[in-house]
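> Could you look at this predicted model? Sequence included:
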Amino acid sequence: MSSVIEQTRFSVLDRSRIREGHEGADALRDTVRLAGEAEQLGYHRFWISEHHGVPGVAGSAPTVLAAAVAAATRTIRVGTGGVMLPNHRPLVVAEQFGVLEALFPGRIDMGLGRSVGFTDGVRRALGRDRDDADDFAGQLAELLGWFTGASPTGVHARPAEGLRVPPFVLAMGEGATIAAHAGLPMVIGDLRNREKMLRGIETYRESFRPSAWASEPYVVVSGTIAVAGTLEEARRILLPEAWSMAYARTRGSFPPLPPAERVESLAMSAKERGFYEAGLVDHIAGTEEQVAGELESLIEETGAQEVLVTTSTYDRPALLDSYRRLARVAGLGTARNPARERQRPRSLSPG
């Protein structure tokens, strides 16, 4: 096993993707079950996402789902990837994470993004518009202030005030600079545009200002990783998500995941085929040996301290097998690795 991989933490982000023929409740229960399996395999943290009004995604209330995941597990860190801060009042977000941390002390992460609802209709339903993302830095500062008691209003966030819930910034666009100036760990995921991702990481490290939350930069790279017995089997794991993305780009609605065999039999238009094939490239996929080589290159190139795996597919047994194989590649589930512990900043932030 590569020493570079040995020194890197591995975590899971699950989007509670709905499968064709199944309900949203099934997807949520799948997420909770996967969290328990990830814990047994030795993954460091398990995160869930926030989506509103998306037919193929059940995860609309991440802090509620995080509570269910934390209650069903014992040791794995649980958090969000992320709560979209422009959709919410910072006080309410602080209160929600304060409750989670009070119930599950030392296990909760607060991953935060700057996106608003994906469509005009969703934004209207949330009472938001595109401009609400412009003040993400101010919203972030207000949120952190509720934990430190720095709010000038005389109101206190209960039970959040005085608690330390590690915050992470999902760095899309200018998010890298915002994370750096706030002195927070950064999550960046753009394996399809490696050059852009590397520029974001460079900007983050060069601009980082130590804070009470993190004394030094902490980089989490996220992306799809599929591991199987053969390259062909690993690539087959990617087919349902690639087709759903192609469907969304051509029809404006993100659908439930279809089985791989149905995707293979579809008659696609030239435009659909183009998006579909683009969705199959620049992921990490292959046998354990092939994935180990790609991961080593990625970690060396980015200097990341952590890899957040975001794979979705229709075939749940294949997905779990992929996570099992990746755990072997990463050497997870073995004795506690001192090298991994040395990778974290000298602060409370990454957990």
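Structure's in. What do you need?
> Show the contacting residues for the nearest residue to G79 once chain neighbours are set aside.
Using CB to CB, 6 or more residues apart in numbering and skipping residues adjacent in sequence, the residue nearest G79 is D109, 2.8 Å away. (Glycine included, C-beta is placed from N, CA and C.) By CB atoms under 8 Å, 6 or more residues apart in numbering, D109 lies in contact with 45, 47, 77-80, 165-166, 168, 351.
> In a markdown table, list those residues along with distance to A242.
Below are the contacts of D109 laid out as a markdown table (distance: CB to CB, whole Å):
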| residue | distance to A242 |
| --- | --- |
| R45 | 26 |
| W47 | 22 |
| R77 | 30 |
| V78 | 29 |
| G79 | 27 |
| T80 | 25 |
| V165 | 35 |
| P166 | 33 |
| F168 | 27 |
| G351 | 32 |
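> Now flag whichever of these is closest to R324.
R45 (17.7 Å; CB to CB).
> Could I get the pLDDT score of the nearest residue to the closest one once chain neighbours are set aside?
Once flanking residues are discounted, R45 sits nearest to R77: 3.7 Å by CB to CB, 6+ apart. In this model, R77 is scored at 98, pLDDT.
> what does R29 give?
So, for R29, pLDDT stands at 97.
> Now S322: which helix or strand?
In the assignment (DSSP states H and E), S322 maps to helix 316-330.
> counting contacts, what elements does that helix pack onto?
On a contact count with 3 or more CB pairs under 8 Å, 6 or more residues apart in numbering; DSSP states H and E, helix 316-330 meets helix 3-6, strand 9-14, helix 24-41, strand 225-227, helix 231-251, helix 288-302.
> hmm, 7 Å instead?
Counting contacts by 3 or more CB pairs under 7 Å, 6 or more residues apart in numbering; DSSP states H and E, helix 316-330 is packed against helix 24-41, strand 225-227, helix 231-251, helix 288-302.
> and the next element down the chain from the third one?
Counting by DSSP H and E, the element after helix 231-251 in chain order, helix or strand, is helix 260-265.
> From P185, how far out is E50?
19 Å (CB to CB, to the nearest Å).
> These two: who's more crowded?
The neighbour count for E50 versus P185, taken as other CB atoms under 10 Å, is higher for P185 (29 against 23).
> pLDDT weak spots in the stretch 1-150 of the chain?
The stretch 1-150 of the chain contains residues with pLDDT under 70 at 1, 117-121, 123, 126-127, 129-134.
> So which residues of it form strands?
For the stretch 1-150 of the chain, strands defined by DSSP state E, counting those that start in this stretch occupy the ranges 9-14, 45-48, 77-80, 83-84, 110-113.
> which of these is buried the deepest?
Each of the strands of the stretch 1-150 of the chain was scored by mean neighbour count; the highest is strand 45-48, a mean of 28, by mean count of other CB atoms under 10 Å.
> Tell me which strands that one pairs with, and in which orientation.
strand 9-14 (parallel), strand 77-80 (parallel) (DSSP bridges).
> and the first one with helix 24-41, angle?
Computed with axes from the mean of the first three to the mean of the last three CA atoms, to 10 degrees, the direction of strand 9-14 lies at 170 degrees from that of helix 24-41.
> can you list the residues that contact strand 9-14?
Residues outside strand 9-14 that contact it (CB atoms under 7 Å, 6 or more residues apart in numbering): 31, 34, 38, 43-49, 81, 222, 305-310, 326, 330, 332, 340, 343.
> are any of the residues you listed buried, and which?
Applying 16 or more other CB atoms under 10 Å to these, the neighbour count classes 31, 34, 38, 43-49, 81, 222, 305-310, 326, 330, 332, 340 as buried.
> related to what we said a few turns ago, quick check: phi and psi at the residue nearest to G79.
Main-chain torsions, D109, degrees, to the nearest 10: phi -120, psi 150.
> what's the answer for A267, then?
Dihedral angles (degrees, to the nearest 10) for A267: phi -90, psi 100.
> OK, contacts around it?
Applying CB under 7 Å, 6+ apart, no residues contact A267.
> Swap in 10 Å and give it another go.
Contact analysis of A267 by CB atoms under 10 Å, 6 or more residues apart in numbering lists R273.
> Check it and give its pLDDT.
For A267, the predicted pLDDT is 92.
> mind checking how far it is from G333?
Counting by CB to CB - A267 and G333 are separated by 44 Å.
> ditto for H181
37 Å.
> So between the two, which is more surrounded?
Taking neighbours as other CB under 10 Å, H181 and G333 compare with H181 leading, 16 against 13.
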